[in-house]
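Novice: let me see the structure of the following:
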Amino acid sequence: MAITEEEAVAVAVPKKKRSPLVIGLVVALLAVSGACAYLFMSHGNDKPATAKAGKDGGASAPTRNQPEYFLPLDPAFVVNFRDDDSMRYLQVGVTLMAHDQAALDTVKGVDPVVRNALVMLFSRQSYSILSDPAGKQKLQAEALEAVRKIVTARTGKPGIDALYFTSFVMQ
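Specialist: Predicted coordinates:
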C-alpha cells in the first residue's frame, strides 16, 4: 500500500498548528463585532432618552441638533429617614440635563434653594418604597418636578429636561 503525496502532506502538517491561529482569528472577529454592536446600541439609546425627557415635562421638545448640557449637583445628597425598625441613610448623586444653558445657570444661582427642596423630598421617603425600581423612578420624577418648579418660578419656563441619579445608596 503506497502513500500518495497528498496523504503524506496531510500527515506531515499537524492540525494543532492551524487551530490556535483559527481560534485567535475567530476570537478577534467576535471581539470586534461585539465592540461595534456595543457602540451602535449605546448611541441608539441616547436619543430616545432625550426625546422622552422633552415630552413628559411640558417643555417644548428639543430638536436633535441642540446640545445637551449637564450640571452635577455636588456634593451628593445624604439624608436619613426612618424605617419601621431603624434609622436609614440615603446617599443620592444628582445630575441635571438641559438643552438651554441658561436654565442650568439659573439652578447654579439658586443652588441652596434647589438643594433644600431635594433634601426635604429625599428625607420624606420610605425604605420599602425606594427598594423597588418603580419607587426610585417615582422619586426621580418628583425630584425633576421640584427642580422645574423652582426654575419656572424664576424664568417662566421649566428649562430642565431631565434629572439623573448618578449614584443611589441606601443603608
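
Novice: neighbours of Ala134, how many?
Specialist: Neighbours of Ala134 under the rule other CB atoms under 10 Å: 8. In short, each C-beta sits where N, CA and C put it, glycine included.

Novice: tell me the SS of it?
Specialist: Using DSSP: H, G, I helix; E, B strand; the rest coil, the three-state assignment for Ala134 comes out as helix.

Novice: okay, buried residues for the longest strand seen in the chain please.
Specialist: Longest strand of the chain, by residue count under DSSP state E: strand 69-82. Residues of strand 69-82 classed as buried by neighbour count (16 or more other CB atoms under 10 Å): 69, 71, 73, 76-77, 79, 81.

Novice: pull up the pairing partners for the following helix or strand past it, direction included.
Specialist: Going down the chain from strand 69-82, the next helix or strand is strand 87-98, by DSSP states H and E. As defined by DSSP bridges, the strand partners of strand 87-98 come to strand 69-82 (antiparallel), strand 162-170 (antiparallel).

Novice: could you dump those into JSON lines with distance to Ile129 and mean pLDDT added?
Specialist: Converted to JSON lines, the strands paired with strand 87-98 look like this (distance: least, CB to CB, whole Å; pLDDT from 0 to 100):
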{"stretch": "strand 69-82", "distance to Ile129": "11", "mean pLDDT": "93"}
{"stretch": "strand 162-170", "distance to Ile129": "11", "mean pLDDT": "96"}
